[in-house]
Structures are given as structure tokens and as C-alpha cells.
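K.L.:
Using only what follows, build the 3D model:
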Amino acid sequence: MSVTVKELMVASTINNNFIDYSKALSSNLVQNGVKTAQLRLIFNEVRKIEAVWEKDQDEAISRLNMLRPKMEYQNKRQKGKMTELSKSLSEAVQIVTNAPRENQKKLFKRFVNLCESIIAYHKSLGGNE
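P.N.:
All right, here's what the predicted structure looks like:
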């Protein structure tokens, strides 16, 4: 994965690099035996944050920041099988939360897209329930 998370997050569009990155990350998760249910735990929280965003952006940002330790906890429970995912998504979270307020919504949407593509590829590449 030669492209950086920052490059993916700030690109003007979702491009081939974005797709290739999420596919490679998903492949790593499948090879490590990570189950879809483990990814869903993270993605369900992302969906909850997305629902809060329109009502209270500050609360959504707080919850997004809390996603970082939750991902690290999941990684430890999986004995390090989710290290690349945890590092990548944590970096993406920091990009969203450290951005100027007027850019955060667009960056958060890109973060959601990244999560969606990772789960989709994980499933299509044979990830187990």
C-alpha cells in the first residue's frame, strides 16, 4: 500500500488508489482470519456517529475520537490481527478531527466510505461471519 491514508482522505474523489487500498487492507484482514462480526462492531459505531453528526457535530467528533481506543481494544482482543486496520482508521479519524470544522463533514463522509469499502471487500474476499 504505497499510498497514504492522508492522500486517500484528502483526494478530490474516490479513485483507484482508494479502492486498491481498501481491497488490500481487507485482504490482510481475511488472511489474518478476522471475522465480519468484528468489523461490524466498528462499523456499527461509525453508523451511530453518522446519525449523531447532523444533530450535534461536537458530540459526533467526541465519539469519533473514542473510536480509536475501541479499535485498539478490538485489535488486542483479536491478538493483533487487526493492526493494519486499527492504524489506518485511527489515522483517518485524526485527519477528520484535526481538520478545520468546515472540512470535517466531507472528511467524515470519506471515512465512512473507507469503512464501507473495507467491509464490502472483506466479505467478497471470503471473510467469515
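K.L.:
Just give the nearest non-adjacent residue to residue 111, would you?
P.N.:
residue 92 (5.0 Å; CB to CB, 6 or more residues apart in numbering). Just so you know, the C-beta spots here come from the backbone N, C-alpha and C atoms, and that holds for glycine as well.
K.L.:
buried set for the host helix or strand of the one you found?
P.N.:
For residue 92, the host element (DSSP states H and E) is helix 83-98. Within helix 83-98, the residues scored as buried using 16 or more other CB atoms under 10 Å are 84-86, 88-90, 92-97.
K.L.:
Now do the helices in this protein.
P.N.:
Remark: helices assigned in the chain by DSSP state H are 5-10, 16-31, 36-53, 57-77, 83-98, 101-124.
K.L.:
and the nearest residue to residue 3 once chain neighbours are set aside, how far is that from residue 97?
P.N.:
Among residues not flanking residue 3 along the chain, residue 17 sits closest, at 4.5 Å (CB to CB, 6+ apart). According to CB to CB, to the nearest Å, residue 17 and residue 97 sit 23 Å apart.
K.L.:
In contact with residue 127, which residues?
P.N.:
26, 29-30, 34-36, 39 (CB atoms under 8 Å, 6 or more residues apart in numbering).
K.L.:
and these, which are buried?
P.N.:
26, 29-30, 34-36, 39.
K.L.:
measure residue 84 to residue 71 for me?
P.N.:
Taking CB to CB, one finds residue 84 at 11 Å from residue 71.
K.L.:
Okay, buried residues for stretch 17-37 please.
P.N.:
18, 21-26, 28-30, 34-36.
K.L.:
Now do that stretch: everything it contacts.
P.N.:
1, 3, 5, 7-8, 11, 39, 78, 81-82, 84-85, 88, 113-114, 117-123, 125-129.
K.L.:
Would you mind giving the buried residues of stretch 17-37 as CSV with distance to residue 47 and pLDDT added?
P.N.:
Listed next are the buried residues of stretch 17-37 as CSV, based on distance: CB to CB, whole Å; pLDDT from 0 to 100:
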residue, distance to residue 47, pLDDT
18, 20, 95
21, 21, 96
22, 17, 95
23, 22, 95
24, 24, 95
25, 19, 95
26, 18, 94
28, 23, 94
29, 19, 94
30, 22, 94
34, 19, 92
35, 18, 90
36, 15, 88
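K.L.:
Understood, closing this out.
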